[in-house]
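Participant: A structural model of the following input is requested.
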Amino acid sequence: MATKLSVNINKIATIRNARGGDNPSVVEAAKRIEEYGADGITVHPRPDERHIRQSDVLELKNVVGTEFNIEGYPSPDFIEMVCQIKPEQVTLVPDPPDVLTSNNGWDCVKFGDFLKEVVSEFKQHGIRVSIFLNPDPTQAEAAAQTGADRVELYTEAYASHYAADKETAIQPYVETAYACHQLGLGINAGHDLSLENLRYLKQQIPYLAEVSIGHALISDALYFGLENVVAMYKRELSEEEF
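Facilitator: Residues are numbered from 1 along each chain as shown. Next up, the predicted model:
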């Protein structure tokens, strides 16, 4: 199956916020990233607005023409914002307010009742729901019981161990993806994916619907240019051999 590329533009906002003003513009970046061939735009607003701000999310609502994916912890404020915007997808991440970046998936057994309520509310607004999940097949059934449509596999462990032993690094992801597929859950992936490790992930997980990539892609754009880099990542997700 074709795997879509959603570009996380948080890092664009980080650069903007370091200097103030609106340069670089996250709205203009989103427009150009879509123009260059990306299949979606991802944002992950946090309560302290250290990168993407709520005002950015509201403005992007009227700009993104592909798939808009909003990630975050389902606090009351976050739920209200997402239900107002009605993006194509919301990805639920168990981030405490002070975390630097996403660093764990949900325990869908422990938080199952909470997630069921949140998932139900979003689905009443016609929003596809994905749950951020560690590579653990035992969590797949609990994730399915929440009523979610998809999971996003948290790929930091895979990326960290890819260079040393990619076969071992990918194995729990393959097992978890298979379990999710059997349960009818769509499969996304994200975190620390790069030009180095993306193609192998795609090859080993045939059911991969979407990847969300931000830090590595925006960093690569400093060297190769944004248009070139979007094309490079899309090529890594293609079925063709290079």
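Participant: Tell me which helix or strand the residue nearest in space to the middle of the chain sits in.
Facilitator: Geometric centre of the chain, nearest residue: S212, 3.8 Å, by Cα atoms, centre = their mean. Using DSSP states H and E, S212 sits in strand 208-213.
Participant: hmm, who's touching whichever helix or strand comes after that strand?
Facilitator: As assigned by DSSP H and E, the chain's next helix or strand after strand 208-213 is helix 215-224. Residues outside helix 215-224 that contact it (Cβ atoms under 8 Å, 6 or more residues apart in numbering) are 7-9, 11-12, 192-195, 228-230, 232-233. C-beta here means a position set from N, CA and C on the backbone, and glycine is covered the same way.
Participant: can you pull out the strands in this structure?
Facilitator: 4-8, 40-43, 67-72, 89-92, 128-133, 150-154, 186-190, 208-213 (DSSP state E).
Participant: Dump these into TSV; add distance to S120 and mean pLDDT as well.
Facilitator: Converted to TSV, these look like this (distance: least, Cβ to Cβ, whole Å; pLDDT from 0 to 100):
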stretch	distance to S120	mean pLDDT
strand 4-8	24	98
strand 40-43	23	98
strand 67-72	17	97
strand 89-92	12	98
strand 128-133	9	98
strand 150-154	16	98
strand 186-190	18	98
strand 208-213	22	98
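Participant: mind putting those in a markdown table, distance to G21 included?
Facilitator: Shown next, in a markdown table, are the strands of the chain (distance: least, Cβ to Cβ, whole Å):
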| stretch | distance to G21 |
| --- | --- |
| strand 4-8 | 22 |
| strand 40-43 | 19 |
| strand 67-72 | 24 |
| strand 89-92 | 29 |
| strand 128-133 | 32 |
| strand 150-154 | 32 |
| strand 186-190 | 29 |
| strand 208-213 | 26 |
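Participant: circling back: just the contacts of helix 215-224: which are in helices?
Facilitator: Under the assignment DSSP state H, the contacts of helix 215-224 contribute K11, I12, N228, V229, V230, M232, Y233 to helices.
Participant: Write the PyMOL selection for whichever of the residues you listed are buried.
Facilitator: Remark: buried members of the ones in helices among the contacts of helix 215-224, expressed as a PyMOL selection using 16 or more other Cβ atoms under 10 Å:
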select buried, resi 11+12+229+230+232+233
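Participant: which of the ones in helices among the contacts of helix 215-224 sit farthest apart?
Facilitator: I12 and M232 (17.9 Å; Cβ to Cβ).
Participant: and Y158, how many neighbours?
Facilitator: 25 (other Cβ atoms under 10 Å).
Participant: So it sits against N197, correct?
Facilitator: Yes. With contacts counted by Cβ atoms under 8 Å, Y158 reaches N197, the gap being 7.0 Å.
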